[in-house]
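S.K.: For reference, the sequence and a predicted model appear below.
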Amino acid sequence: MTDDVVAGAPIELDGVRFSYDGGATWVLDGVDLRVGPGERIALVGPNGAGKSTLARLIAGLAAPDHGTVRLMGHTVFDDAHGADAGAYRKARRSIGVVFQNPEDQIVTTTVAADVAFGPENLNVAPALIGGRVHDALSAVGMDGLRDADPTAMSGGQQQRVAIAGMLAMDSRVLVLDEPTAMLDPQARADVLAIIERVHQRGTAIVMVTHHPDEVAHADRVLAVEHGVVRDVTARYAHAHGIPSQVHSPGAALPDLPRVGRAAHDPAVVFDHVSFAYAHGSPVIDDLTVGIERGSTVALVGPNGSGKTTFARLLCALIAPDEGTICVEALRWHHAKRRQRKALRRSLGLIMQRPERQLFAATVREDVAYGPHNQGLDEAAVRERVQEALDLVGIADLADRDPFSLSGGQQRLAAIAGVLACRPRVLVMDEPTASLDEAAVERVHALMRTLHSQGVTILLITHDMRAAQQLADAMLVFGERTTVRQEAPEPRVAPSDARYSAISRLDPRAKVIGFLVLMFSAFTMASWTQLAVGCAATLAIAAASRLGVHVLWRSTRMFAVVLLIMGLFNMLVVRSGTPLLHIGAWALTTGGLAVAALYTIRFMLVIVLGAVIMLTTTPTALTDAFESMMSVFRKVLHVQEIALVMSLALRFLPTIADETVSIRDAQAARGGSIETGSPIQRVRAMCAIIVPIFAGVIRHADNLALALDARCYQEGEPRSHWHALRMRARDWWFLAGVAVVLCALALSAVFTI
């Protein structure tokens, strides 16, 4: 496609070519593109066509192999000089990017701090950052949650935070890569409305999408296919009937019968099932429902309403608090190993995020994973694999690395892997998210085929039109018949300064004081010193207002280890008066004293560590580290080390959650490390380790792009929105720590 030159066009691409394999194939081949000021562009096309690649080139997050790229008036790449890193950095200051998965864009653990991260990288004056943060959060309707943890938010809320982060940088161009792919209709409508408001402010919008309605207000619709870009605005509007205004498509419930409490010939039965996550309200509340064998049932409802929890209960990945579940005449409350193994042969699970369900080096090997775990011979495995690949239409990708595929292709590979197990009950969690129209129709046709074969299908979906077309009945979540409606009372997090006296302390005072107390615990050698240490720790725990149950939940695993170590000391140490003989072992007063001394000392350290981690955000901890290490700035990359620490603390919970999801995925395909022969268990362990490493690498790649998009540059000066300042309460706390040290020193002369 060739456009007329737009005067002052912020985005200009001429003859751009891009390849991932050194020129053997071209993802983009001779692309010419102009994006004018305030223009709105929609990028459409099949999976793997290069839409996301083109979006990255437009955003300045990747350089082409050939051609000329001008961004925000800067020539960032041409054939004569290659990529100009300095020009790219300047251009990115005015270009914002929102990725499909906002989780990888969030770099801190509070909403306001995350939105402020970009302006800080731009070295905006601290006095101005607060106004930018307020305006950006107000624009996306999130100002009331400025102190909340974005990593614990829904996908829709996270996308709002990501958009706010771009607005705070005063971006003139906003590039969005399928920002609504994983959202429910209401959240999707909210995000689209925000994008519309941003566009009305004069910001140019470039949006990758598979949804026809999302191009409603686009000035141009560009199709990316076979390496070229074509203007299909008129034809696309005519073919899809683009509406005149942005709306929430299919938000109304489909006209389908509700699933009843009983079924004539049930394949799935939930009998008075309730489930709640730790210290939360019930997600599933006294649910009784029967699903007819061979039927297709749509599970619908907003994000967070319990649909995925229902699926995990059904697959015995979690156990109900109350009630029983029955699948194909197999009934359980807490499923035993044998029951889980039998369940895997009759039930399949297609997860929402396909990258967590792919384990092997090639697509063919991955699809064969389930049949191998079922104990089939090689001939039967090959037959199952070929049949599954043909069903989903990706036989040509059989020898590809699954992690090199596009998101849509990965989803099809994940579906093939589950179908190869030939389940009689199939749970599909958003199976068409991120798929192009041809792939969506292929999946829908596949579902009709499975339905005709008598497979019971439970379809979790936000697409009400698909539910209407494919389902025989629906189960609605978010209603009193399914889950509790009462919204939980807003809670202040323990790390919020409003929570407690310990939470309000300057993080530097906390780090210094707690480390001193923790190290001093290892020097305690008398009961008097232990009493002083216990008193200080109890006082700090009380001031933190965390509560016994919170501290116990955070330290119980360590407590079990310490108990075992204490028992070992009791039986090994022979000094003192014998109290009891157990065969060759003797329990003595010396053994009891040593066991108690070591157990209490280590427990004090663990409790103090739990208190500081629970009452301090990772961002605050790393800010404290950077401040205290600033004297070494000339010899150490203090700013960069602090950022790495912050990101590590931020992403550890994400990696842990992903590990659980991967474990669930491989368990659903019969690869649990709990059952099977040693070879099967080793294979199952590898099936967990490989995608975890792949996930870490993927997060690292996405994080690198996010840091580039937020204009972080190593060695460049950054402003800090909230400068740390020691107040009277911080000095009083450190004085209290000094008093404890003096008491420990004085008590060293006493023995009890």
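M.R.: Received, thanks.

S.K.: From here on, just use CA atoms for contacts and neighbour counts.
M.R.: Will do.

S.K.: Helix or strand next in line after the helix or strand bottoming out on mean pLDDT in the chain, which one?
M.R.: Across the helices and strands of the chain, mean pLDDT, DSSP states H and E gives its lowest value to helix 233-240, namely a mean of 64. Sequence-wise, the next helix or strand downstream of helix 233-240 (DSSP states H and E) is strand 266-275.

S.K.: Packing partners of that next one?
M.R.: Contacts defined by 3 or more CA pairs under 8 Å, 6 or more residues apart in numbering; DSSP states H and E place strand 266-275 against strand 284-292, strand 322-327.

S.K.: if you average pLDDT over stretch 13-28, what comes out?
M.R.: What stretch 13-28 shows for mean pLDDT is 91.

S.K.: Actually, stretch 653-663.
M.R.: pLDDT averaged over stretch 653-663 gives 76.

S.K.: can you list the domain ranges for the chain.
M.R.: 11-240, 266-358+424-485, 496-616+724-752 (automatic domain parsing).

S.K.: Could I get those in CSV, plus columns for mean neighbour count?
M.R.: CSV is the format used below for the domains of the chain (neighbours: other CA atoms under 10 Å):
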stretch, mean neighbour count
domain 11-240, 21
domain 266-358+424-485, 20
domain 496-616+724-752, 17
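
S.K.: Can you say which of the helices and strands packed on strand 266-275 is nearest to Cys421?
M.R.: Nearest to Cys421, of all the helices and strands packed on strand 266-275, is strand 322-327, at 16.3 Å by CA to CA.

S.K.: List the strands paired with the closest one, with their directions.
M.R.: Using DSSP bridges, strand 322-327 pairs in its sheet with strand 266-275 (antiparallel), strand 330-332 (antiparallel).

S.K.: quick one: which of those strands is nearest Leu405?
M.R.: If we rank those by CA to CA, the stretch that ends up nearest is strand 266-275, at 34.4 Å.

S.K.: what angle do that closest one and strand 284-292 make?
M.R.: Here strand 266-275 runs at an angle of 180 degrees relative to strand 284-292 (axes from the mean of the first three to the mean of the last three CA atoms, to 10 degrees).

S.K.: Looking at strand 266-275 now, give me its mean pLDDT.
M.R.: 91.

S.K.: Same check on stretch 737-749?
M.R.: Here stretch 737-749 scores 89 as its mean pLDDT.

S.K.: tell me how far it is from the chain's mean position?
M.R.: When C-alpha coordinates are averaged (CA atoms, centre = their mean, to the nearest Å), stretch 737-749 and its chain have centres 46 Å apart.

S.K.: what comes into contact with it?
M.R.: Stretch 737-749 is contacted by residues Gly513, Val516, Leu517, Ser520, Met524, Ala525, Ser526, Thr528, Gln529, Val532, Gly533, Ala536 when judged by CA atoms under 8 Å, 6 or more residues apart in numbering.

S.K.: Wasn't the fifth one part of a strand?
M.R.: No - applying DSSP: H, G, I helix; E, B strand; the rest coil, one finds Met524 to be coil, outside a strand.

S.K.: excluding its backbone neighbours, what's nearest it?
M.R.: Leu530 (6.1 Å; CA to CA, 6 or more residues apart in numbering).

S.K.: Likewise for the second one?
M.R.: Nearest in space to Val516, with sequence neighbours left out and distances taken as CA to CA, 6+ apart, is Val737 at 7.8 Å.
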